[in-house]
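**Student:** sequence and predicted structure below; questions after.
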Amino acid sequence: MILSETPKSNHTTMARKGWSTLLFSSSKTLSSFNSFPSSSFPSSPAVHKFTESMMEENIENAESIIRKWDPDSAAVTHVTSLFHQRKEAKEFLKSVKDLRLAMHFLVSEHSASDKLVLAQNLMQIAMKRLEKELYQILSAHRDQLDPESLSGLSSDGSSNFEDDDEIGSEEEIKIAGESITKVEREATNAMSDLSKDCSENLFGGEKALCDHVFSASQTIRESCFTDITKEGATNLFRFPELIAKCKKTPERIFLLMELHEALSNLWPEIELTFNSESTSEIKSQAFSSLQRLGESVRAILFDFESTIQKDSSKTTVLGGGIHPLTRKVINFLSVLSDYGGILSEIFADSSPPLPESYFESPTLMMVQPQQSQSSWLGSF
C-alpha cells in the first residue's frame, strides 16, 4: 500500500484525532439530535419537513465523498491515504458524522426508507475505509514500537504481536514435549528467552498499543487485545504444562525446575498484562503450567527417594570402593543443591499426595508429607 509523504507525527495525530472524534464523542455528535424529544423530531410540519430535507442532503453529500474513498474502487484513492491531505480527512469524518445523524433520524421516522438502506451501505464503506487507514498507520509505525519506547506508553505495556510463527496444534506441541529430552541446554534457554520476550515485550506491547489507540473505550481496547493475543499466549503458556506431563525421570527434573523458575519470574508480568476478565483464561493457563511443573518436580523427588529406600542390592564393591547407588545419589544431590532456591519455592505451602510406594511400609506411613519435604530441603 502507498502511504502519505506527510510527516509521520502530523499524519498519526490527525488520524487519532479523527477516529477519537468520530467514535467516542457521541455527546457532541448527537447534540443537535438529542435536543429534540426522544420519541421523534419536532412535530411542527414545517420544521419536520426542513429537518427531513436536511437529513436527505446530509446523505447525498456523504455519498459523494464516501464513495470517492471506497477501498474497493479502482480510483486513485484506492492506493492513497485518506489522511494525505488534512482537508480531505476533515470532510470525510464530517460526512460520516452527518450520515450517522441522518440514520438516527430515519430510524425514528422512516425505518423502512430506502434512504436508510443507502445510509447503512455508505456507513459500511466508511468503516471499511477507516479500518484500512488504521492498518496502514500501524504498519508504517511498526518499526518504532520497540520494547523500550512502548514501556513508557502504559504501565501495562509492551509491543505488537504477530502470530505468523504461532505454536501449532496441541498434538504438535505434545510431540515436541515428548522429544524435549533430546534438546540441548542452549535450546532450552532459547525457549525460556522466547517466553520472556513474548511476556515482557510482545504481549505487553500489544496491550500498550490497544490502550493508546482505543483509550476512550475500555471495552473496545480489552476486546481488541484479547482477540489478538489469546491464541498465541494460551499456546505459549500451555507448552510447559505439556512438558510436565511427559515421562518423569530424575534427569528431567533439572529441565522442569528451570522452566518453573522462568515462568515464576514472569508471573508478575503475566498478572499485569492479562489483568482483565476477558484474558483470565490466559492467566489461568500460565498458573496451571506453573502448578503442573511444581507437581512433577515433587513427584520425581518422592519417587527417587522411594527407589533408594526400596533398593535391596546386596552386591559389595571390590576393594571397598563406593557403592554405585551411593555414587548416583551423591551426584544427583550435588547437582540438585544448585537449585535450592527453586526447590524451596516449589515445596512452599504444598502438601501433595505421596506415591503409593510410600504406603507400602508402616514406618513410611508415619512420616508426614511436610516432614519428608523438609528432609530433602535440609540437604541444601
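**Tutor:** Good, I have the coordinates.

**Student:** now do the helices in the stretch 151-300 of the chain.
**Tutor:** Applying DSSP state H, counting those that start in this stretch to the stretch 151-300 of the chain gives helices spanning 170-178, 185-197, 204-213, 218-244, 253-273, 280-310.

**Student:** now do the stretch 1-150 of the chain
**Tutor:** Counting by DSSP H, counting those that start in this stretch, the helices of the stretch 1-150 of the chain are 8-24, 26-29, 31-34, 45-68, 86-109, 114-140, 147-150.

**Student:** could you check the angle the fifth one makes with helix 45-68?
**Tutor:** When you say that, I think you mean helix 86-109. 130 degrees (axes from the mean of the first three to the mean of the last three CA atoms, to 10 degrees).

**Student:** next, the buried residues of helix 86-109.
**Tutor:** 88-89, 91-106 (16 or more other CB atoms under 10 Å). Just so you know, the C-beta spots here come from the backbone N, C-alpha and C atoms, and that holds for glycine as well.

**Student:** go ahead and confirm Ile342 touches Leu255.
**Tutor:** No. Between Ile342 and Leu255 there is no contact, the gap being 11.9 Å when judged by CB atoms under 8 Å.

**Student:** any regions of this structure where pLDDT drops low?
**Tutor:** Applying pLDDT under 70 to the chain flags the ranges 1-45, 47-48, 74-79, 141-191, 314, 317, 320, 349-380.

**Student:** show me it divided up by domain.
**Tutor:** 8-144, 147-301, 304-312+319-377 (automatic domain parsing).

**Student:** my read: Glu345 touches Asn265, true?
**Tutor:** No. Glu345 is not in contact with Asn265 according to CB under 8 Å; the separation is 10.6 Å.

**Student:** so which of those two has more stuff around it?
**Tutor:** Neighbours per residue, other CB atoms under 10 Å: of Glu345 and Asn265, the larger number sits with Glu345, 16 against 13.

**Student:** now the more buried one. Nearest residue, chain neighbours left out?
**Tutor:** Counting by CB to CB, 6 or more residues apart in numbering, Ser264 is the residue found nearest to Glu345 once chain neighbours are left out, at 6.6 Å.

**Student:** could you measure from the one you found over to Phe50?
**Tutor:** 69 Å (CB to CB, to the nearest Å).

**Student:** tell me, how many residues neighbour the residue nearest to Glu345?
**Tutor:** Per other CB under 10 Å, the neighbour tally for Ser264 reads 15.

**Student:** surely it touches Phe287?
**Tutor:** No. Contact between Ser264 and Phe287 fails when scored by CB under 8 Å: they sit 10.6 Å apart.

**Student:** tell me the contacts of the closest residue to Val96 other than its chain neighbours?
**Tutor:** Counting by CB to CB, 6+ apart, Ala126 is the residue found nearest to Val96 once chain neighbours are left out, at 4.9 Å. By CB atoms under 8 Å, 6 or more residues apart in numbering, the residues touching Ala126 are 66, 69, 92, 95-96, 99.

**Student:** and if we set it to 10 Å?
**Tutor:** By CB atoms under 10 Å, 6 or more residues apart in numbering, the residues touching Ala126 are 22, 62, 65-67, 69-70, 92-93, 95-96, 99-100.

**Student:** ok, Val329 - how many residues close by?
**Tutor:** Around Val329 there are 16 residues (other CB under 10 Å).

**Student:** quick check, it in contact with Val335.
**Tutor:** No. Using CB atoms under 10 Å, Val329 makes no contact with Val335, being 11.2 Å away.

**Student:** tell me how far Ala46 lies from Glu52.
**Tutor:** 11 Å.

**Student:** ok, those two, which is more surrounded?
**Tutor:** Per other CB under 10 Å, whichever of Ala46 and Glu52 has more neighbours is Glu52, with 17 against 8.

**Student:** intersection of neighbour lists for Ala46 and Glu52?
**Tutor:** Counting by CB under 10 Å, 6+ apart, Ala46 and Glu52 have no common neighbour.

**Student:** dump the residue contacts of Leu290.
**Tutor:** Leu290 touches 237, 240-241, 244, 259-260, 263-264, 266-267, 270, 346, counting by CB under 10 Å, 6+ apart.

**Student:** possible to save those residues as JSON lines with distance to Ser312?
**Tutor:** As requested, those are exported to JSON lines (distance: CB to CB, whole Å):
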{"residue": "Phe237", "distance to Ser312": "43"}
{"residue": "Pro240", "distance to Ser312": "37"}
{"residue": "Glu241", "distance to Ser312": "36"}
{"residue": "Ala244", "distance to Ser312": "31"}
{"residue": "Leu259", "distance to Ser312": "35"}
{"residue": "His260", "distance to Ser312": "33"}
{"residue": "Leu263", "distance to Ser312": "39"}
{"residue": "Ser264", "distance to Ser312": "39"}
{"residue": "Leu266", "distance to Ser312": "44"}
{"residue": "Trp267", "distance to Ser312": "43"}
{"residue": "Ile270", "distance to Ser312": "47"}
{"residue": "Ile346", "distance to Ser312": "30"}
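
**Student:** of the residues you listed, grab the buried ones for ChimeraX.
**Tutor:** Provided next is the ChimeraX selection string for whichever of the contacts of Leu290 are buried by 16+ other CB under 10 Å:
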select :237,240,241,244,259,260,263,266,270,346
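
**Student:** sorry, back to before: from what I can see the residue nearest to Glu345 touches Ser344, true?
**Tutor:** No. Shown here, Ser264 and Ser344 do not form a contact pair, counting by CB under 10 Å, at 11.7 Å.

**Student:** who touches both of the two?
**Tutor:** Both Ser264 and Ser344 lack any common contact, where contact means CB under 10 Å, 6+ apart.

**Student:** wait, isn't Leu242 in contact with Arg292?
**Tutor:** Yes. Distance between Leu242 and Arg292: 8.8 Å, which falls inside the contact criterion (CB under 10 Å).

**Student:** please tell me how far Val223 sits from Ser278.
**Tutor:** Check again: residue 223 is Ser, not Val. In terms of CB to CB, Ser223 sits 7 Å off from Ser278.
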